[in-house]
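Novice: coords please:
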Amino acid sequence: MTKDFEFVVTDAEREQVLAVARELVGTPPRLIDEGRWIDDCRHHAAELPVRVRQRLREFANDPGDAGALLIRNLPGAADRPTPTEPGSVERVASVGAAVIGLLSMQLGEVIAYRNEKSGALVQNVVPVPGMEAQQSNAGSTRLAMHVENAFHPRRPDFVGLFCVRADHERVAGLLLSCVRQVVGALPADIRQVLGERRFTTEAPPSFGMDGEGAPQHAVFTGDPADPDVQVDFHATSGNDDEAKNALEVLHDAITEAAEALIMAPGDLALVDNRVTLHGRTLFTPRYDGQDRWLHRTFVHLDHRRSRALRTRDGHVLA
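Specialist: All right, here's what the predicted structure looks like:
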């Protein structure tokens, strides 16, 4: 990772973040998915430490060559057993949910998807018994590299992952790989194919969709030298032999460049979902209430662009 990838909050700043989070948690109605709570979250986000707000603003403007930012030493460690039910979400405000909400709202607007985790704005990423092999946030096998909701026309611009509890053995790694670090080494013909509408991506299991009628899309869009990327190596397919080969070449490059981040409680990873793929290494859950537990948020920089897919004041997309 680049040297500016990690940002450590001072103890004094941590106390200030905690104070703001507690104030938000104590503000009625304390229900995260209520519009009033989101409005209060946006308001309180302006009270975060100046240095934290400055760094978030810099990251939103340019995510750097890592395409991600790790903020450490935040408050919000787990205060109850790790959930184990499918589709686990945070409905009632807690310090951890407030922390990821506050910092996410400094980047843009927190959003969710109606068909995923019942449209909750703060979701739990936890292992679920019987779903170990699933390619989803409920699994514990190696998770293929992907951009979040690669199939969706209004994908998140950023994904937030806040560690409230680490796995027992401290081996579960968040895999990160930025296309900015590999695009220059790809052959010109491969980049050309990746920039053409010769690929399709199916929706993940969590959306309960069968993927029929998925539109063709390019994997690379925008500036060929600094492209946005749309791919999920578990769900994206090339529609002809050249496209399949280009996808394999990109997969190998992304995999080679990937780095594993072992997160500790109080770590918040912010991933630029336009240029950086993420995944997860294998780990073994025990289902004893102490398993790995992350909160997750999705963020849009331009809330207006998704207006046709949600209500005027809402944050949940179809």
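Novice: who's in contact with residue 231?
Specialist: With C-beta atoms under 8 Å, 6 or more residues apart in numbering as the criterion, the residues that contact residue 231 are 146, 147, 150, 199, 201, 219, 247, 250, 277. Quick note: C-beta positions are derived from backbone N, CA and C, even for glycine.
Novice: doesn't residue 119 make contact with residue 87?
Specialist: No. Residue 87 is beyond contact range of residue 119, at 10.8 Å (criterion: C-beta atoms under 8 Å).
Novice: neighbour-wise, which of these two wins?
Specialist: residue 119 (19 against 15; other C-beta atoms under 10 Å).
Novice: where in the stretch 151-300 of the chain is pLDDT low?
Specialist: By pLDDT under 70, the low-scoring segments of the stretch 151-300 of the chain are 205-213.
Novice: For it, just list every one of the strands.
Specialist: Taking DSSP state E, counting those that start in this stretch to define them, one finds strands in the stretch 151-300 of the chain at 158-165, 173-178, 199-201, 220-221, 228-229, 236-238, 259-262, 268-272, 276-280, 293-300.
Novice: Quick check: which of those is nearest to residue 314?
Specialist: Closest to residue 314 of the strands of the stretch 151-300 of the chain is strand 293-300 (C-beta to C-beta; 12.4 Å).
Novice: angle of that closest one against strand 268-272?
Specialist: For strand 293-300 against strand 268-272, the angle by axes from the mean of the first three to the mean of the last three C-alpha atoms, to 10 degrees is 30 degrees.
Novice: Please identify the pairing partners of strand 293-300 and their relative orientation?
Specialist: Partner strands and pairing direction for strand 293-300 (DSSP bridges) are strand 109-113 (antiparallel), strand 122-125 (antiparallel), strand 158-165 (antiparallel).
Novice: Next, the angle strand 276-280 makes with it.
Specialist: 160 degrees.
Novice: and strand 293-300 with strand 173-178, angle?
Specialist: Comparing the axes of strand 293-300 and strand 173-178 via the same axes, to 10 degrees yields an angle of 20 degrees.
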